[in-house]
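Student: I would like the atomic coordinates for the input below:
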Amino acid sequence: MTSAPTAAQANPKWMTIVGWVLSVLPCCMPLFSAFLKLSKDERVVQGFADYKHPDALPLTIGLIEAGCTVLFLIPKTAVLGAVLLTGYLGGAVHVHVRLGAGWETAIALGVAIWFGLYFRDPRVRALLPLRR
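Tutor: Here you go, the predicted structure:
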């Protein structure tokens, strides 16, 4: 009696590689952004002050941003991380639209995150088939 293939065995190698490339590249931006917030970069602090946000907000947002991104990069928590990052990026789109700034990058990051997960996790492909 043979057991069912595991998720790693059922995923072709090329899909796993493409999935990880599409997963890691968009994570560079939120990790860098979180680093700037957590290191209290003067431009970030001033930007938050200009919009009258509380002084502790960059730290809080930086921790959330870094936490969601790390959850996404860990295979066992990747789906939760993708959902949380999508919510975070939705908030970023709202803020950027409200400020009249470029919101397209946040949308592109969200799309890349889900495509990366789609390629690297066969369970996600089973839930969201592009064709039948």
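Student: Show me where the protein dips below the pLDDT cut-off.
Tutor: By pLDDT under 70, the low-scoring segments of the chain are 1-9, 132.
Student: Excluding covalently adjacent residues, which one is nearest to the residue nearest to the spatial centre of it?
Tutor: Nearest to the geometric centre of the chain sits residue 85, at 4.2 Å (CA atoms, centre = their mean). If the residues on either side of it in the chain are set aside, residue 85 comes closest to residue 68, at 4.8 Å by CB to CB, 6 or more residues apart in numbering. In short, each C-beta sits where N, CA and C put it, glycine included.
Student: ok, and for the strand or helix carrying that neighbour, which residues are buried?
Tutor: If you go by DSSP states H and E, residue 68 is part of helix 57-73. The neighbour-count check on helix 57-73 (16 or more other CB atoms under 10 Å) flags 58, 61, 62, 64, 65, 66, 68, 69, 71, 72 as buried.
Student: Can you check what angle separates the helix or strand following that helix from helix 57-73?
Tutor: Later in the chain than helix 57-73, the nearest helix or strand by DSSP H and E is helix 78-99. On the basis of axes from the mean of the first three to the mean of the last three CA atoms, to 10 degrees, helix 78-99 is oriented at 140 degrees to helix 57-73.
Student: for helix 78-99, the distance to its chain's centre please.
Tutor: From the chain centre to the centre of helix 78-99 is a distance of 8 Å (CA atoms, centre = their mean, to the nearest Å).
Student: for that helix, which positions count as buried?
Tutor: 78-79, 81-86, 88-89, 92-93, 96.
Student: from those, which single one is nearest residue 123?
Tutor: residue 79 (7.8 Å; CB to CB).
Student: The closest one contacts residue 121, correct?
Tutor: Yes: if you go by CB atoms under 8 Å, residue 79 and residue 121 touch, sitting 7.3 Å apart.
Student: Now do residue 111 against residue 30, distance only.
Tutor: Between residue 111 and residue 30 the distance is 14 Å, computed by CB to CB, to the nearest Å.
Student: which one of these two has more residues nearby?
Tutor: residue 30 (24 against 14; other CB atoms under 10 Å).
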